[in-house]
Every structure is written in C-alpha cells, then in structure tokens.
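Student: attaching a predicted model along with its sequence, questions to come.
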Amino acid sequence: MWAFMLFAIHGCGRSDESTIAEQPATQSATEPASPTTVAPSSTLIIDGKPVAFPGSSLGVTDTGEALTLLLYSPEFALQDDPTANTVLLNMTVEADAPSDLPTASVRLVGTAAGNENDTPNGLFLNGSATQLLPLDVQVTFSGDPNGVIVAHLSGKFAAMTNGTAERTVTVTGTLAATVDREGTSDAAPPTTVPLEP
C-alpha cells in the first residue's frame, strides 16, 4: 500500500513538472515580435531650398579591409509615392567594423559624364525626373551602428535630366538610415537610364 501511494505521488509530481515546463514555450510562441526600427524622414538643403526624403536604409558589408556601404531608399518609398525623392549612393569607408561608422568619413568624387565613373548613383528628385550626381561630396556619419545611422552630406552635385548635365547644385543636410546587414534586396532601383558619354 505504501508503495502504491509513493508511486501515485511521484507520478503526479512528474505530470505537474511537465505542465509547468510546457507553459513558457506556449507563451513565447504567442509573444509579438519586437518592432522594426524605422528611420525618420530627412531634409536636404539643395541650392538653399529644403527637399524632403523618406527614411533610408544603409546596407553594410565588411570586406575585411574596409566597409562597403549602400545608402538607399527602400522600394516601398516609391510604392507609397511615385514622385518621392530617393537616394542611391555606393560608398567605401576605411573602417575596421560597423561600430566605427560614427567616426568614419568618405569623399565622393565624380564627373557629370563621359568616363568610367558614370553611375546611376545619386539623389533622385520627383520620382527620378532629375538625378543629382555627386561631383565632390563629403559624407560623415553619426548615430547608432545597430539602429539608425545619420549620413551628413555636404558638397556639389551635377543636376542631370535625360542624361545631360544642366547645372551644378550645392547640397547640405542629413539622411537618416536604418542599418541593414542582411542585404539590400529591397532597394528602389533608379528609373533613369545610365548616363551616356
């Protein structure tokens, strides 16, 4: 009889432990995911006039010797507003790790047309109706490498329409970007054709 009672008590204990152990798994499966960090909209001053840009993303690739950066507007920016102003800038920064970005800087130098530096990179205004191609631009960074990085732009851009440089404009200001280390597949492709010689 005592043996039977001990067995019954031991059996009940195992059942309770099993129930308690399963509860955290059930709760964690129903917990909502943490909200994704979204960069705020930004404003650049172009020839003295404020121009708004939606929040950007910053793709970061560590090559071992430097960081390759792609500052871009997510595809949904144009889906929400086909006339939105967007950005697509490739940069290489001499830094050992993404954590060094807040102290890093890069100079973008190019020409309006006519050599191997021709690129679809730049600022795209009014749904890519006008492209601003970097001529001599200094870019520095601040913020959180694990959250939102702010790119500070200052310099000269060539205003391009239909592949033709119309004038040089001065651009200053900041672009806030969410750091994306998982890829840049959702970058909004520019709708302008590559520049012709």
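Tutor: Yes, it's here. Residues are numbered from 1 along each chain as shown.
Student: how about the helices of the protein, start to end?
Tutor: Under the criterion DSSP state H, the chain carries helices at the ranges 2-30, 76-80.
Student: least reliable of these by average pLDDT, please.
Tutor: For the helices of the chain, the stretch scoring lowest in mean pLDDT is helix 2-30; its value is a mean of 39.
Student: pLDDT weak spots in the chain?
Tutor: Filtered on pLDDT under 70, the chain yields the residue ranges 1-37, 111-119, 181-197.
Student: got the buried residues for stretch 46-63?
Tutor: Using 16 or more other Cβ atoms under 10 Å as the test for burial, stretch 46-63 gives 46, 51, 53-60. Every C-beta, even on glycine, is put in place using the N, C-alpha and C of the backbone.
Student: first to last residue in that stretch, what's the distance?
Tutor: Length of stretch 46-63, first residue to last, Cα to Cα, to the nearest Å: 33 Å.
Student: what about stretch 150-169, start to end distance?
Tutor: Looking at stretch 150-169, the gap from its leading to its trailing residue is 22 Å under the measure Cα to Cα.
Student: so what touches it?
Tutor: Here stretch 150-169 makes contact (Cβ atoms under 8 Å, 6 or more residues apart in numbering) with 44, 46-47, 56, 58, 71, 108, 112-113, 122-123, 129-143, 170-177, 192-196.
Student: go through it and flag the buried ones.
Tutor: Judged by neighbour count (16+ other Cβ under 10 Å), stretch 150-169 contains these buried residues: 150-151, 153, 155, 157-160, 165, 169.
Student: report the separation between the nearest residue to residue 180 once chain neighbours are set aside and residue 47.
Tutor: Counting by Cβ to Cβ, 6 or more residues apart in numbering, residue 180 lies nearest to residue 57, which is 4.7 Å off, once chain neighbours are set aside. Here the distance between residue 57 and residue 47 works out to 26 Å (Cβ to Cβ, to the nearest Å).
Student: likewise for residue 122?
Tutor: Distance of residue 122 to residue 47, given as Cβ to Cβ: 15 Å.
Student: ok, now residue 108?
Tutor: Going from residue 108 to residue 47 by Cβ to Cβ gives 18 Å.
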